[in-house]
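1. return a 3D structure for these sequence lines:
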Amino acid sequence: MGANLKERLKMSDEEVASFVRGLRETLTEVEDLPMPTIAALDGVAVGGGLELALACDLRVAAADARLGLVETSRGLLPGAGGTQRLPRLVHLNIAKELIFTSRIITGEEAKQLGVVNHVVPQNTSNNAAFGKALSLAREITCNAPVALRCAKQAINEGVQLSIKEGYEVEQLYYERNIPTRDRTEGMLSFIEKRKPVYEGC
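-> Reported below is the predicted structural model:
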């Protein structure tokens, strides 16, 4: 995924601004999905492709994947949230360097910098990152859906605040989870030494 620069060049300034705003809103909708999201990067994810991955909760890359926010090399800047998401993910100076230089990095480098959670060697089917993402998804889906949604929301909202305000956000979402059947099922299954059966309510 990336910008169609030939198409973009034909747009008026107002059309470009509207298009980029719409793209950012779309990626924010991905970011705001209530369930955990995982991006699998098996090939090239530059520009908008990396911005989409940054909107996900977790990222897995093949070691030879190619990632970068390359917009400044084309006279642009990341406009779908990249200038905001990347600095919240890695050290500010690293984010600035990657954006200012338009550098494309490998999956291995992305792991070292903290851009991705996991890096895996590529396989002959070129879907190693996808396989690891599925494995992570299976780990996550064993857990209580309501608790996962509450945890995600508490993290996403709390990280924007001071830690003391974040504690209040955590309390709010903890209390939302208290009356759920899944919470009771989780505790009962532990006591009864069996696998929980969550219903998402």
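2. in the longest helix belonging to the chain, which residues are buried?
-> Using DSSP state H, we find that the single longest helix of the chain is helix 13-31. Residues of helix 13-31 classed as buried: Val16, Val20, Leu23, Arg24, Leu27, Val30, Glu31 (neighbour count, 16 or more other C-beta atoms under 10 Å). The C-beta positions use only the backbone N, C-alpha and C, and glycine is treated the same way.
3. and that helix, what does it pack against?
-> helix 48-54 (3 or more C-beta pairs under 8 Å, 6 or more residues apart in numbering; DSSP states H and E).
4. which residues sit against the helix it packs on?
-> Identification of contacts with helix 48-54 by C-beta atoms under 8 Å, 6 or more residues apart in numbering yields 1-3, 23, 27, 30, 39, 41, 45, 59, 67-69, 78, 80-82, 85-86, 89.
5. return a PyMOL selection command for the buried portion of these.
-> Remark: buried members of the contacts of helix 48-54, expressed as a PyMOL selection using 16+ other C-beta under 10 Å:
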select buried, resi 3+23+27+30+39+41+45+59+67+68+69+78+80+81+82+85+86
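6. element containing Arg88?
-> According to DSSP states H and E, Arg88 maps onto helix 82-89.
7. got the buried residues of helix 13-31 as TSV, with pLDDT and distance to Gly131 columns?
-> Converted to TSV, those look like this (pLDDT from 0 to 100; distance: C-beta to C-beta, whole Å):
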residue	pLDDT	distance to Gly131
Val16	84	38
Val20	90	33
Leu23	93	29
Arg24	95	30
Leu27	96	25
Val30	97	22
Glu31	96	24
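8. CSV for these, including distance to Cys142?
-> Below are those laid out as CSV (distance: C-beta to C-beta, whole Å):
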residue, distance to Cys142
Val16, 44
Val20, 39
Leu23, 34
Arg24, 33
Leu27, 28
Val30, 23
Glu31, 24
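9. which one is Val20 nearest to, not counting chain neighbours?
-> Gly79 (4.1 Å; C-beta to C-beta, 6 or more residues apart in numbering).
10. surely that neighbour meets Gly22?
-> No. Counting by C-beta atoms under 8 Å, Gly79 does not reach Gly22; the two are 10.6 Å apart.
11. from Gln171, how far out is the residue nearest to the spatial centre of the chain?
-> Nearest residue to the geometric centre of the chain (C-alpha atoms, centre = their mean): Cys56, 1.9 Å. Taking C-beta to C-beta, to the nearest Å as the measure, Cys56 and Gln171 are separated by 27 Å.
12. now swap in Lys132 and tell me
-> Distance of Lys132 to Gln171, given as C-beta to C-beta: 34 Å.
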